[in-house]
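[1] quick one, structure for this:
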Amino acid sequence: MVRRFMRGARVYAKDGRSYIVDAVEDGVVYCSTVDGTEADFPETALMNEAEWAARSNSRRDQLYTRLKQARAYAPVAAGLDRAAASVMLAKVERLKPGLLDFIAFRVAERIIRENRDDDLLAELSVRKCRAVFEAATPEVRATLLATMLGASVKPLIDAGRLGDNLMRAMLEQGLAAHAADFESFGSRRRS
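    Residues are numbered from 1 along each chain as shown. I've put the predicted structure just below:
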């Protein structure tokens, strides 16, 4: 009979924490962490490396579908002008290239953290996050942009109809709190 858990093997709890198996007795797995903290779990509460990899692949495959279904991408209830939101988003893309990629990526990071799937953060694709972002209505995208910039959505949408300098100033002011993150994001691979 093949045992699921062997002494010295790595196992994973459902929260993603990993342990090293010390012993398995009567359906209980005695483990320790890298720093020496001891723990014990029923066998049903742990996964071996193969099971964990299969679970991670399944979760990874479902990630972008779950992002689309997240509350952040739910339709906006407020009566925002769709055409004006589209104009504003196009202007933002022209004035600050990469900003909408940054917003899409940061929204995805926030959703993943809220769902406690932090182990999937390293695998996030900027291109796929942007595709999820673009699939949302212009009103939702404008709302997400305004939220990230700390601005009110209606004035931001209205600014899209005004001059470039006003929009540029609003973007710079809103990005001030995220300047270092946005700059480092610029060097990120767009996979």
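[2] select the longest helix from this structure.
    When the chain is parsed with DSSP state H, its longest helix is helix 49-68.
[3] which other residues reach it?
    Helix 49-68 has contacts (CB atoms under 8 Å, 6 or more residues apart in numbering) with 4, 9-12, 47, 73, 108, 111-112, 115, 117, 119-120, 123-124, 128-129, 131-132, 135. C-beta: built from backbone N, CA, C; applies to glycine.
[4] tell me the buried residues in the helix or strand bottoming out on mean pLDDT in the chain?
    In the chain, no helix or strand scores lower on mean pLDDT, DSSP states H and E than helix 49-68, which sits at a mean of 75. The neighbour-count check on helix 49-68 (16 or more other CB atoms under 10 Å) flags 52, 56, 63, 64, 67 as buried.
[5] with stretch 137-144 instead?
    138, 139, 140, 141, 142, 143, 144.
[6] what residues go with each domain of this protein?
    The chain breaks down into these structural domains: 10-51, 70-185 (assignment by automatic domain parsing).
[7] which of those domains is buried the deepest?
    domain 70-185 (a mean of 16; mean count of other CB atoms under 10 Å).
[8] ends of that domain, what's the gap?
    23 Å (CA to CA, to the nearest Å).
[9] off-centre distance for that domain?
    13 Å (CA atoms, centre = their mean, to the nearest Å).
[10] and residue 45, what's its pLDDT?
    The score at residue 45 is 88. That number is its pLDDT.
[11] next, give phi and psi for it.
    phi -90, psi 0 (degrees, to the nearest 10).
[12] ok, it to residue 177 distance?
    Distance, residue 45 to residue 177, using CB to CB, to the nearest Å: 41 Å.
[13] now swap in residue 43 and tell me
    Relative to residue 177, and taking CB to CB, residue 43 is found at 47 Å.
[14] all helices of the chain, in order?
    49-68, 82-95, 99-114, 126-135, 138-149, 153-159, 164-175, 179-185.
[15] now the ones you listed as CSV including distance to residue 18?
    Formatted as CSV, the helices of the chain follow (distance: least, CB to CB, whole Å):
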stretch, distance to residue 18
helix 49-68, 8
helix 82-95, 41
helix 99-114, 19
helix 126-135, 26
helix 138-149, 33
helix 153-159, 42
helix 164-175, 37
helix 179-185, 28
